[in-house]
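**Q** model the structure of this input:
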Amino acid sequence: MIPATNWTIHPEVSTALKAGGAVVALESSLLARGTDWEANLETAVALENEVRACGAVPAMCAIIDGMITVGLSTDEKARLAKSHGRAIKASQRDIATLTACGGTGVTTIAATITIAHLAGIRVLSAGGFGGVHRGASQSFDVSNDLHALANTPMTVVCSGIKSILDVGLTLEYLETLGVPVIGYGTDRLPGYYCRETRFSVDARIDEPSQIARVLRASGALGLRGGLLVCNPIPRHYALPEAELDQAIGQALEEARMDGIEGKAITPYLIARLDELVAGTRQASVQLGLNNSRLASAIAAC
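**A** Numbers count the residues shown, from 1 in each chain. Here you go, the predicted model:
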């Protein structure tokens, strides 16, 4: 149930929810990727347009001046894109503080899952899912995305676990939390920029309607968690795994030498991969569009 205060829902989203229409949540942290705010804004608009073209309504989430905002206007997206460095990258733990103190933040997957669920949205389209960072046995750096999905009946559509993470440990953690990992049209876990990894998924499903039925069955059984649906990047935009692994290793070493850690590590590594591997930016956009299409199809079921 949506609280009476500190909430604003875009009329387009509100109308669709009241009518029982298809709505797809989108995280707003993509607006703060790197320093090219115009490219970030263009990507956000493209994702929203793709959702609409598939017959659903996009609901990008953010916190603006203390207001939890579901569905952003053009001006709001532009403001967040331009405020990189001032608007914080908000996870689930930051929602209450930002609303109480009038703050502004772009939402991660964890925060978006929480906000979207409260608004009555059941499907989220993202890029790569968070997880266990490499070296987590020393740093204990584990994304809140994992626990947010384990405790919320949402379907998150992504292109796999982010390549910069420890994919194997992340899958083990998801198993511990009871989150099923579904491969859309694949038996192998997609590798974000790559179409597949050496890891298997828990189940392969080839139809969006079947994925929607799995979520409904989970709810009927009283299971509290959600589903992680992994959708391979379109083949034409996939990048070579060996080149990516080498670049990730280099970026991790540079981060260590520069003393980059905590919340700063993920944006640092993504920015360095953009510099080290040609085609990562285009791949990110295309996998996002691909996920928006699948999420829209699931939301319509």
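**Q** so how many other residues sit close to T74?
**A** 11 (other CB atoms under 10 Å). For the C-beta atoms, the positions are set from N, CA and C on the backbone; glycine is no exception.
**Q** pLDDT wise, what is it at?
**A** T74 carries a pLDDT value of 95.
**Q** and it, how far from L41?
**A** 9 Å (CB to CB, to the nearest Å).
**Q** same deal with G225?
**A** For G225, the distance to L41 equals 33 Å [CB to CB].
**Q** then G120?
**A** G120 is 27 Å from L41, by CB to CB.
**Q** swap in I260?
**A** 26 Å.
**Q** same question, E261
**A** As judged by CB to CB, E261 and L41 stand 29 Å apart.
**Q** neighbour count: those two, which is higher?
**A** Between E261 and L41, L41 has the larger neighbour count (other CB under 10 Å), namely 19 against 14.
**Q** was I right to think that one contacts E76?
**A** No - at 10.8 Å, L41 and E76 do not qualify as touching, with contact defined as CB atoms under 8 Å.
**Q** assumed L17 was part of a helix.
**A** Yes - secondary structure of L17 (DSSP: H, G, I helix; E, B strand; the rest coil): part of a helix.
**Q** and it, how far from M67?
**A** According to CB to CB, L17 and M67 sit 18 Å apart.
**Q** with V157 instead?
**A** Going from V157 to M67 by CB to CB gives 27 Å.
**Q** sorry, back to before: which one's more surrounded, L17 and M67?
**A** The neighbour comparison of L17 against M67 (other CB under 10 Å) goes to L17, with 19 against 16.
**Q** which non-adjacent residue is nearest that one?
**A** G120 (5.3 Å; CB to CB, 6 or more residues apart in numbering).
**Q** with P208 instead?
**A** Excluding the flanking residues, the one nearest P208 by CB to CB, 6+ apart is A297, at 3.8 Å.
**Q** next secondary structure after the helix or strand where A271 lies?
**A** Applying DSSP states H and E as the criterion places A271 in helix 265-276. Downstream of helix 265-276, the first helix or strand assigned by DSSP H and E is helix 280-299.
**Q** residues of that following helix that come out buried?
**A** Within helix 280-299, the residues that count as buried by 16 or more other CB atoms under 10 Å are 280-281, 283-299.
**Q** same question for stretch 246-262.
**A** Result for stretch 246-262 [16+ other CB under 10 Å]: buried residues A247, I248, A251, L252, A255, I260.
**Q** make CSV out of the residues you listed and add secondary structure, distance to L80 and pLDDT.
**A** Shown next, in CSV, are these (DSSP: H, G, I helix; E, B strand; the rest coil; distance: CB to CB, whole Å; pLDDT from 0 to 100):
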residue, secondary structure, distance to L80, pLDDT
A247, helix, 28, 88
I248, helix, 28, 86
A251, helix, 26, 87
L252, helix, 29, 84
A255, helix, 26, 85
I260, coil, 23, 83
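**Q** circling back to that earlier point, for the residue nearest to L17, give its distance to V13.
**A** Distance, G120 to V13, using CB to CB: 10 Å.
**Q** over to A203?
**A** The gap separating A203 from V13 is 31 Å, by CB to CB.
**Q** tell me which of these two has more neighbours.
**A** Taking neighbours as other CB under 10 Å, A203 and V13 compare with V13 leading, 25 against 14.
**Q** and after the helix or strand harbouring the more buried one, which helix or strand comes next?
**A** According to DSSP H and E, V13 maps onto helix 11-18. From helix 11-18 onward toward the C-terminus, using DSSP H and E, the following helix or strand is strand 23-26.
**Q** and that following strand, what does it pack against?
**A** When contacts are defined as 3 or more CB pairs under 8 Å, 6 or more residues apart in numbering; DSSP states H and E, strand 23-26 packs onto helix 11-18, helix 37-53, strand 57-64, helix 109-119, strand 123-125, helix 280-299.
**Q** please name the strands paired to it in the sheet, noting orientation.
**A** Strand 23-26 has its sheet partners listed here by DSSP bridges as strand 57-64 (parallel), strand 123-125 (parallel).
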